[in-house]
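Novice: Make a model of this:
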Amino acid sequence: MAIQTEFEKNTWVINYSADNLYNRQFSFAEDLMLSKGDKSITWVNTYGLEYMDEFRQMVNSNDLDDFLLRLLLNQKMGNKVIQLEEMLFVAARIVKTEHHNLDSEQMFFVVAKDFVWCIQEKWGDHFDWIRHRIFENKGIIRKKKADYLLFFILETLISNYKEKYEESVLMDSTLDAIVKEEPTPEFMFEVENKKAMINEFKRASHGLRDIIIKLERVEVKGFHTKYFSELREQINGLINDIDSDILELESQINLFFSIQGHRLNEVMKTLTIFSVIFIPLTFMAGIYGMNFTNMPELQWPYGYFILLGLMLVVTIISIIIFKRKKWF
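Specialist: Numbering: from 1, shown residues only. So this is what the prediction gives:
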């Protein structure tokens with residue numbers, strides 16, 4: 001019994017047609033050829049980008065363009081669609097949404113009319129529902145070619161982005177909190193994290209849209225581009241939602257600081273009113289609090305009451321002036 005390589009342990013293959021199906025762990029002895037020469041479609045899924053020797057074996061054995069090896073070496077490629085002879089190479093930088101903290105991974109797709117070879121940087125995906133449809137023979141997926149499978153994979157990525165975005169970015173509660181909360185460093189840090197998450201979704205969505213637009217323009221034998229118009233509408237809808245949320249968030253943040261500035265102005269106005277009222281009173285009290293021997297007013301029988309009356313008059317005049325100026 002041959003020893004399984006790490007590549008084989010981390011690779012699965014599904015081969016299906018309208019009438020036949022098998023799903024198993026990849027084996028070089030049985031699954032090396034991607035095109036079976038019949039009407040079946042092969043979907044190979046590899047987890048890990050470090051298997052360059054195995055990638056070379058796959059490329060050479062299937063007579064694929066060896067330019068693929070140079071492309072697979074660039075593991076930070078980002079988002080690209082490259083048309084090769086009767087084949088497409090698609091690179092996508094995908095946001096992984098399995099956890100609360102967003103992460104990203106590089107994904108590669110090698111697509112021809114009868115196979116899709118999907119290479120993912122990390123374990124885990126959201127394609128089980130596609131596999132279930134294939135296994136249960138639901139819909140028309142087993143009657144279509146590999147272009148329809150690629151359409152389903154990209155549609156899954158878009159749907160997952162949309163669901164995770166709606167779950168993670170709760171704009172209504174965020175906007176309410178912005179108006180009600182005090183501008184503590186912790187709260188502002190939370191708002192900045194929310195903005196960073198929104199921008200991460202925006203970058204990822206723009207990357208997928210670029211891929212879809214390029215896929216609509218390719219001309220590869222046996223590859224139909226009509227499926228991707230619907231995807232463009234879906235991703236544009238998500239991007240529009242994100243842009244709208246960004247504008248709303250920026251508007252509410254500006255309103256937040258305006259409200260806080262208004263509150264600060266009200267506090268300063270109140271302090272100013274009290275200061276203006278008490279400064280002349282303090283001045284008069286300070287004069288008659290000096291310890292000079294010759295202060296004639298200190299000998300007046302009603303000097304104390306006269307000074308209190310004068311203070312009252314000054315206070316009333318100050319309040320009247322403030323009322324007329326509508327300071328309160």
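Novice: and residue 325, how far is that from residue 275?
Specialist: Applying CB to CB, to the nearest Å, the value for residue 325 to residue 275 is 15 Å. In this view, the C-beta of every residue, glycine as well, is placed from N, C-alpha and C.
Novice: I'd like the next helix or strand past the strand or helix carrying residue 192.
Specialist: Using DSSP states H and E, residue 192 sits in helix 185-217. Using DSSP H and E, the helix or strand that follows helix 185-217 in sequence is helix 228-287.
Novice: How about residues contacting the next helix or strand after that following helix?
Specialist: Next in sequence after helix 228-287, counting helices and strands by DSSP H and E, comes helix 303-324. The contact list for helix 303-324 (CB atoms under 8 Å, 6 or more residues apart in numbering) reads 273, 276, 277, 280, 281, 284, 288, 297, 300, 328.
Novice: Averaged pLDDT, helix 303-324. What do you get?
Specialist: For helix 303-324, mean pLDDT is 84.
Novice: do the same with stretch 199-215
Specialist: Mean pLDDT, stretch 199-215: 90.
Novice: CA-only coordinates of that stretch, as CSV, when you get a sec.
Specialist: What follows is stretch 199-215, C-alpha atoms only, in CSV (Å, rounded to 0.1, in the frame of the first residue of the first chain):
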residue,chain,number,x,y,z
ASN,A,199,-13.3,48.9,4.8
GLU,A,200,-12.0,45.3,4.8
PHE,A,201,-15.3,44.1,3.4
LYS,A,202,-15.2,46.9,0.8
ARG,A,203,-11.7,45.9,-0.4
ALA,A,204,-12.7,42.3,-0.6
SER,A,205,-15.9,43.0,-2.5
HIS,A,206,-14.1,45.3,-4.9
GLY,A,207,-11.6,42.5,-5.6
LEU,A,208,-14.4,40.0,-6.3
ARG,A,209,-16.1,42.5,-8.6
ASP,A,210,-12.9,43.0,-10.6
ILE,A,211,-12.6,39.2,-11.0
ILE,A,212,-16.3,38.9,-12.1
ILE,A,213,-15.9,41.8,-14.6
LYS,A,214,-12.9,40.1,-16.2
LEU,A,215,-14.6,36.8,-16.3
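Novice: Residues touching it, excluding its own?
Specialist: Residues from elsewhere that reach stretch 199-215 (CB under 8 Å, 6+ apart): 78-81, 88, 90, 92-95, 102, 104, 150, 154, 157-158, 161, 164-165, 169, 225, 228, 231-232, 235-236, 238-239, 242-243, 246.
Novice: What of stretch 123-130?
Specialist: For stretch 123-130, the surrounding residues in contact (CB under 8 Å, 6+ apart) are 45, 47, 96, 98, 141, 149, 152, 153, 156, 157, 160.
Novice: Secondary structure added to the residues you listed, as JSON lines?
Specialist: Shown next, in JSON lines, are these (DSSP: H, G, I helix; E, B strand; the rest coil):
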{"residue": "45", "secondary structure": "strand"}
{"residue": "47", "secondary structure": "strand"}
{"residue": "96", "secondary structure": "strand"}
{"residue": "98", "secondary structure": "coil"}
{"residue": "141", "secondary structure": "helix"}
{"residue": "149", "secondary structure": "helix"}
{"residue": "152", "secondary structure": "helix"}
{"residue": "153", "secondary structure": "helix"}
{"residue": "156", "secondary structure": "helix"}
{"residue": "157", "secondary structure": "helix"}
{"residue": "160", "secondary structure": "helix"}
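Novice: Compare these and tell me which is most surrounded.
Specialist: Neighbour counts for those (other CB atoms under 10 Å) peak at residue 149, which has 25 neighbours.
Novice: give the contact list for that one.
Specialist: 41, 43, 116, 130, 141.
Novice: Surely the first one touches residue 111?
Specialist: No. Between residue 41 and residue 111 no contact is recorded; they are 10.7 Å apart, counting by CB atoms under 8 Å.
Novice: between those two, what contacts are shared?
Specialist: Common neighbours of residue 41 and residue 111 are listed as residue 146 (criterion: CB under 8 Å, 6+ apart).
Novice: Now do the helices in the stretch 1-150 of the chain.
Specialist: In the stretch 1-150 of the chain, the segments counted as helices under DSSP state H, counting those that start in this stretch are 6-9, 28-31, 52-61, 67-73, 128-136, 146-168.
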